[in-house]
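Participant: The following block contains a protein sequence and its predicted model.
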Amino acid sequence: MENIDKKIHLNHKDLIEKIKAHKVLGHKIVCTIGSWDMLHIGHLRYLNAAKKHGDILIVGVDSDRGIKSYKGPLRPIIPEKERIEMLSYQSCVDYVTLVDDIDEKGNWLYAIIKDLPVDVFVAVGGNSYTEKQKKMIKKLCKKISVIPRQAESTSSTDIVQNVIKTHLLGQVKNKKK
């Protein structure tokens, strides 16, 4: 666990000195964020693809509070500390930090890329980021790279919805008997 502890920084401001040292060494810094709830193959493929954009990969993990604001009161399924630890075990991930900078409306305030000297921000394609958010990210980082989802049929939200639908369907069928 000692090596893993060096990867985890619950406050991304703790990373500033380490990332500055990487910059002095000429390393290209890559950052991505997400909920990473119910880690699955799409997440792992995405993280490996993100790492290919530079030398050091920082992964921001949305807080439980943040996820509830945009996915509803029943999410996340996995608590933030466990999601952070799971990501720290991935060899492509160099640092993991908590992202909990949202306003009262649930809008992300970009603190991680305001505070850290990020060269490339990797975003998942689709509707994960609005055009306004992409413009702001591009303004704060040297580059934004949008990559497609890495698993066509696997998403945490779809898994949760399918389990609930199957469970409810089973309940309805049992009541009809």
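Facilitator: Yep, it's here. Treat the numbers as computed from the prediction; the structure is a model and nothing was measured.
Participant: Give me the buried positions along stretch 42-53.
Facilitator: 42-43, 46-47, 49-51, 53 (16 or more other Cβ atoms under 10 Å). All C-beta atoms are positioned from the backbone trio N, CA, C, and that covers glycine.
Participant: Which two among the residues you listed are spaced furthest apart?
Facilitator: Farthest-apart pair in the buried residues of stretch 42-53 is 42 and 53; separation 17.5 Å (Cβ to Cβ).
Participant: All the helices of the chain, residue numbers only.
Facilitator: For the chain, the helices defined by DSSP state H cover 2-7, 16-24, 41-51, 64-71, 80-88, 111-115, 131-140, 156-176.
Participant: Going by mean pLDDT, which of those comes out lowest?
Facilitator: Note on the helices of the chain: helix 156-176 shows the lowest mean pLDDT, a mean of 60.
Participant: middle-most residue in the chain, spatially?
Facilitator: residue 34 (2.1 Å; Cα atoms, centre = their mean).
Participant: from memory that one sits against residue 66, does it?
Facilitator: No - counting by Cβ atoms under 8 Å, residue 66 is not a contact partner of residue 34; they are 10.6 Å apart.
Participant: Setting the sequence-adjacent residues aside, check what's closest to residue 27.
Facilitator: residue 55 (4.0 Å; Cβ to Cβ, 6 or more residues apart in numbering).
Participant: May I have the residues that are in contact with the one you found?
Facilitator: 22, 27-30 (Cβ atoms under 8 Å, 6 or more residues apart in numbering).
Participant: taking those one by one, which sit in strands?
Facilitator: 29-30 (DSSP state E).
Participant: Out of the contacts of residue 55, the closest to residue 61 would be?
Facilitator: residue 30 (15.4 Å).
Participant: Wait, that closest one touches residue 120, no?
Facilitator: Yes - contact criterion Cβ under 8 Å: residue 30 and residue 120 qualify, at 4.8 Å.
Participant: Give me the more crowded residue out of the two.
Facilitator: residue 30 (24 against 18; other Cβ atoms under 10 Å).
Participant: any idea how far the more buried one is from residue 92?
Facilitator: Going from residue 30 to residue 92 by Cβ to Cβ, to the nearest Å gives 10 Å.
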